[in-house]
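> Pasting the sequence and the predicted model now:
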Amino acid sequence: MARNAIVGQSGGPTSVINASLAGVFQVCQSRGADTVYGMNNGVAGLLEKRVVDLSKSLKSDLEIEMLKRTPSSFLGSCRYKLPDMDKDPATYEKLFAILNELEIEWFFYIGGNDSMDTICKLSDYGKRIGSPIRFMGVPKTIDNDLMVTDHTPGYGSAAKYIAAVMKEIIRDATVYDTKSVTIVEIMGRNAGWLTAAAALARAEDCEGVDMICLPEVAFDVDEFIAKVENLMQEKKAIVVAVSEGIKLADGRYVCELSDDARYVDAFGHKNLTGTARYLSNRVSAALGIKSRSIELSTLQRCAGHMTSRTDITEAYQVGGAAARAAFKGHSGEMIALKRLSDDPYQCTTEAHDVHEVANFEKKVPLEWINQDDMDMMPAFLHYARPLIQAELTPMYINGLPRHIYLEND
């Protein structure tokens with residue numbers, strides 16, 4: 001009987017998620033897996049038996065290196081929610097039949113909260129039926145909201161991009177001698193880690209953003225407009241960073257105050273875009289000044305040209321650590337990053353029970369937000385700065401980054 005591994009990528013992509021895939025693939029190969037399969041579009045694709053032999057796509061060290069420097073999910077992704085095993089055992093029976101047909105011994109899933117829910121359910125079902133398959137979670141999310149890990153691969157590069165872009169927006173916003181407000185919308189449904197990264201823009205060559213609004217603090221639209229008006233007494237050009245998921249005191253998302261239709265995914269997550277646009281319109285109407293909105297949107301998660309070397313290195317490490325743990329017999333766990341020191345910055349990996357992670361969210365500590373809820377405290381800057389350090393530039397061909405991608409049959 002063959003001893004094979006399979007790996008999938010799920011949820012929103014990042015600029016370093018493929019480095020984790022490379023880590024899983026190379027360690028599985030070095031530890032003696034006969035075949036390392038990749039799921040096309042995660043578990044959703046696996047249910048349709050859409051898998052590839054990764055050794056046929058990644059045949060050289062150069063292709064592995066290019067994979068590490070290619071943003072987004074090489075294998076494709078999905079947002080597929082596994083049902084409760086007691087309510088729909090047929091789905092699990094089908095999945096495990098496919099895994100047995102492929103002679104899978106090790107199963108890896110690279111993703112965030114919802115992906116760890118998948119690992120949790122599959123490993124629990126495997127234990128119930130006495131399956132020998134080992135299931136391991138590999139952390140990934142720009143949102144940085146996974147429990148037990150100091151931070152998540154993907155966050156450092158997104159934070160680096162956000163801080164750099166905010167510096168550029170601030171430079172652009174201050175060229176005219178007229179009053180203006182620029183509101184930048186940054187991803188973050190319930191946790192404000194990404195928007196907090198805008199605070200990193202402040203340096204000796206940049207005055208920084210004027211206001212940071214996170215989902216961790218209840219938002220009041222009228223109070224926000226009043227703060228903007230007060231700031232306009234001190235300076236002409238105001239730049240504000242807001243999380244797409246800022247909420248009113250009654251729990252409604254601010255973006256829901258607009259009339260935009262809301263797409264809802266398989267996990268019940270509403271599409272939250274439009275927060276900055278709504279606030280920009282309100283500010284312009286209330287204060288009679290020029291106001292614009294900017295949505296960083298998917299740019300913040302796919303900017304491979306702005307990758308943090310620290311981030312891509314750690315993404316590769318957690319993938320390899322997951323494979324090594326699985327080959328030692330671990331299952332039902334997620335690899336976490338454990339910070340050993342800040343100066344010099346050092347981080348190692350450790351395995352945690354996935355039940356400690358699935359369906360929980362790690363939010364920005366309130367003590368890291370200043371008293372007027374407009375800026376971040378030094379503790380956050382001390383935490384985040386090591387994660388954005390150094391660069392790993394793409395391979396450039398004809399002036400543009402060269403990517404590797406999985407060709408369709």
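Structure's in. What do you need?
> all strands for the stretch 251-400 of the chain, in order.
Applying DSSP state E, counting those that start in this stretch to the stretch 251-400 of the chain gives strands spanning 290-295, 333-342, 345-353, 396-397, 400-401.
> want to throw these into CSV with mean pLDDT?
Listed next are those as CSV, based on pLDDT from 0 to 100:
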stretch, mean pLDDT
strand 290-295, 97
strand 333-342, 97
strand 345-353, 98
strand 396-397, 96
strand 400-401, 96
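> for these, which one sits closest to residue 388?
Residue 388 lies closest to strand 345-353 among those, at 10.9 Å (Cβ to Cβ). In short, each C-beta sits where N, CA and C put it, glycine included.
> before we move on, the earlier item: let's have the strands of the stretch 251-400 of the chain in TSV, adding mean neighbour count and distance to residue 324.
Formatted as TSV, those follow (neighbours: other Cβ atoms under 10 Å; distance: least, Cβ to Cβ, whole Å):
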stretch	mean neighbour count	distance to residue 324
strand 290-295	19	40
strand 333-342	18	9
strand 345-353	15	9
strand 396-397	10	33
strand 400-401	12	31
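> Would you format these as CSV with distance to residue 46 included?
Converted to CSV, these look like this (distance: least, Cβ to Cβ, whole Å):
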stretch, distance to residue 46
strand 290-295, 33
strand 333-342, 19
strand 345-353, 23
strand 396-397, 33
strand 400-401, 30
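> can you tell which of those strands is closest to residue 112?
Among those, the nearest to residue 112 by Cβ to Cβ is strand 333-342 (10.5 Å).
> quick one: strands adjacent to the closest one?
strand 134-139 (parallel), strand 345-353 (antiparallel) (DSSP bridges).
> got any ranges where this protein has weak pLDDT?
Applying pLDDT under 70 to the chain picks out residues 260-270, 408-409.
> same thing but at 50, please
Counting by pLDDT under 50, the chain contains no low-confidence segment.
> That one: helices as residue ranges?
17-30, 42-46, 61-68, 89-101, 113-129, 155-173, 193-196, 221-231, 275-287, 299-302, 309-327, 378-384 (DSSP state H).
> Rebuild the ones you listed as JSON lines, extending it with distance to residue 205 and mean neighbour count.
Shown next, in JSON lines, are the helices of the chain (distance: least, Cβ to Cβ, whole Å; neighbours: other Cβ atoms under 10 Å):
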{"stretch": "helix 17-30", "distance to residue 205": "30", "mean neighbour count": "26"}
{"stretch": "helix 42-46", "distance to residue 205": "42", "mean neighbour count": "22"}
{"stretch": "helix 61-68", "distance to residue 205": "31", "mean neighbour count": "16"}
{"stretch": "helix 89-101", "distance to residue 205": "53", "mean neighbour count": "15"}
{"stretch": "helix 113-129", "distance to residue 205": "37", "mean neighbour count": "21"}
{"stretch": "helix 155-173", "distance to residue 205": "8", "mean neighbour count": "23"}
{"stretch": "helix 193-196", "distance to residue 205": "20", "mean neighbour count": "28"}
{"stretch": "helix 221-231", "distance to residue 205": "21", "mean neighbour count": "16"}
{"stretch": "helix 275-287", "distance to residue 205": "25", "mean neighbour count": "20"}
{"stretch": "helix 299-302", "distance to residue 205": "22", "mean neighbour count": "20"}
{"stretch": "helix 309-327", "distance to residue 205": "22", "mean neighbour count": "25"}
{"stretch": "helix 378-384", "distance to residue 205": "16", "mean neighbour count": "16"}
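> among the strands paired with strand 333-342, which is nearest residue 5?
strand 134-139 (9.4 Å).
> For the closest one, buried residues please.
For strand 134-139, burial by neighbour count (16 or more other Cβ atoms under 10 Å) applies to 134-139.
> go on, stretch 43-61?
43-47, 50-52, 54, 57-58.
> from the residues you listed, which two are the most distant?
47 and 58 (24.1 Å).
> picking up where we left off before, can you list the strands paired with strand 333-342 in CSV and add distance to residue 113?
Listed next are these as CSV, based on distance: least, Cβ to Cβ, whole Å:
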stretch, distance to residue 113
strand 134-139, 10
strand 345-353, 14
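> From residue 279, how far off is residue 236?
19 Å (Cβ to Cβ, to the nearest Å).
> How about the contacts made by the nearest residue to residue 345 once chain neighbours are set aside?
Closest residue to residue 345 apart from its sequence neighbours, by Cβ to Cβ, 6 or more residues apart in numbering: residue 386 at 3.8 Å. Contact analysis of residue 386 by Cβ atoms under 8 Å, 6 or more residues apart in numbering lists 310, 342, 345.
> re the thing from before, with distance to residue 335 added, can I get the helices of the chain in CSV?
As requested, those are exported to CSV (distance: least, Cβ to Cβ, whole Å):
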stretch, distance to residue 335
helix 17-30, 9
helix 42-46, 18
helix 61-68, 17
helix 89-101, 21
helix 113-129, 11
helix 155-173, 15
helix 193-196, 19
helix 221-231, 40
helix 275-287, 33
helix 299-302, 21
helix 309-327, 5
helix 378-384, 20
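> Which one, of those helices, ends up nearest to residue 243?
Closest of these to residue 243 is helix 193-196, at 4.2 Å (criterion: Cβ to Cβ).
> re the thing from before, the strands of the stretch 251-400 of the chain: which one's closest to residue 223?
Of all the strands of the stretch 251-400 of the chain, strand 290-295 comes closest under Cβ to Cβ, at 16.9 Å.
> now that closest one and helix 275-287, what's the angle there?
Inter-element angle recorded for strand 290-295 and helix 275-287: 170 degrees (by axes from the mean of the first three to the mean of the last three Cα atoms, to 10 degrees).
> ok, strand 290-295: who's next to it in the sheet?
Counting by DSSP bridges, the strands paired with strand 290-295 are strand 180-186 (parallel).
> List of residues touching the strand it pairs with?
162, 165-166, 169, 173, 194-195, 197-198, 209, 228, 232, 236-244, 273, 275-277, 279-280, 283-284, 287, 289-297, 300.
> same deal with stretch 368-377?
So stretch 368-377 is contacted by 196, 199, 210-214, 216-217, 227, 367, 379-380, 383 (Cβ under 8 Å, 6+ apart).
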